[in-house]
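Colleague: model the following, please.
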Amino acid sequence: MANPVHPLAQTFKVATPHGSFLTEVDLFFAYKDETIPVWVEVRNVVAGAPGQKVLPHSRKVLEPANVNVDPNNGTTATTFTFDSPVYVQEGQ
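Modeller: Here you go, the predicted structure:
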């Protein structure tokens with residue numbers, strides 16, 4: 001059996017007039033797999049849940065060696081820097 005995918009989603013709404021560009025996102029990990037990469041995708045939201053549309057340039061993959069882990073207090077960030085700025089529309 002293949003390794004199952006366990007997605008975690010966080011929604012946000014852009015209030016900046018005319019939208020905003022995302023260049024990176026910081027995430028905090030308490031643990032990681034030693035062999036399976038971690039990836040981030042910025043997606044549309046449909047009825048409060050992640051939709052099927054992945055925004056252009058928003059998928060970033062990091063190998064486990066590049067993922068910081070802080071099991072005690074969660075203060076060590078792992079930065080996912082997108083290859084190009086990701087545009088998110090106002091109100092989305």
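
Colleague: and the host helix or strand of Pro50, what does it pack onto?
Modeller: Per DSSP states H and E, Pro50 falls inside strand 49-54. For strand 49-54, the elements it packs on are strand 43-46, judged by 3 or more Cβ pairs under 8 Å, 6 or more residues apart in numbering; DSSP states H and E. The C-beta positions use only the backbone N, C-alpha and C, and glycine is treated the same way.

Colleague: so which residue is smack in the middle of this protein?
Modeller: Val40 (3.3 Å; Cα atoms, centre = their mean).

Colleague: setting the sequence-adjacent residues aside, check what's closest to that one.
Modeller: Spatially, and ignoring its direct neighbours in sequence, Val40 is nearest to Phe80 (4.7 Å; Cβ to Cβ, 6 or more residues apart in numbering).

Colleague: surely the residue nearest to the centre of the chain is in contact with Leu27?
Modeller: Yes: under the criterion of Cβ atoms under 8 Å, Val40 lies in contact with Leu27, with a separation of 7.1 Å.

Colleague: find the residues that touch each one of the two.
Modeller: With contacts defined as Cβ atoms under 8 Å, 6 or more residues apart in numbering, the residues shared by Val40 and Leu27 are Phe80.

Colleague: next one: stretch 36-44 to chain centre, how far?
Modeller: Taking Cα atoms, centre = their mean, to the nearest Å, the mean C-alpha location of stretch 36-44 is offset from the chain mean by 5 Å.

Colleague: just the C-alpha atoms of that stretch, please, in CSV.
Modeller: Taking Å, rounded to 0.1, in the frame of the first residue of the first chain, the C-alpha atoms of stretch 36-44 are listed here in CSV:
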residue,chain,number,x,y,z
ILE,A,36,8.8,11.8,2.6
PRO,A,37,9.0,15.4,1.3
VAL,A,38,6.6,18.1,2.5
TRP,A,39,4.8,20.4,0.1
VAL,A,40,2.7,23.5,0.2
GLU,A,41,0.1,24.5,-2.3
VAL,A,42,-2.1,27.7,-2.3
ARG,A,43,-5.5,26.7,-3.5
ASN,A,44,-8.9,28.3,-4.0
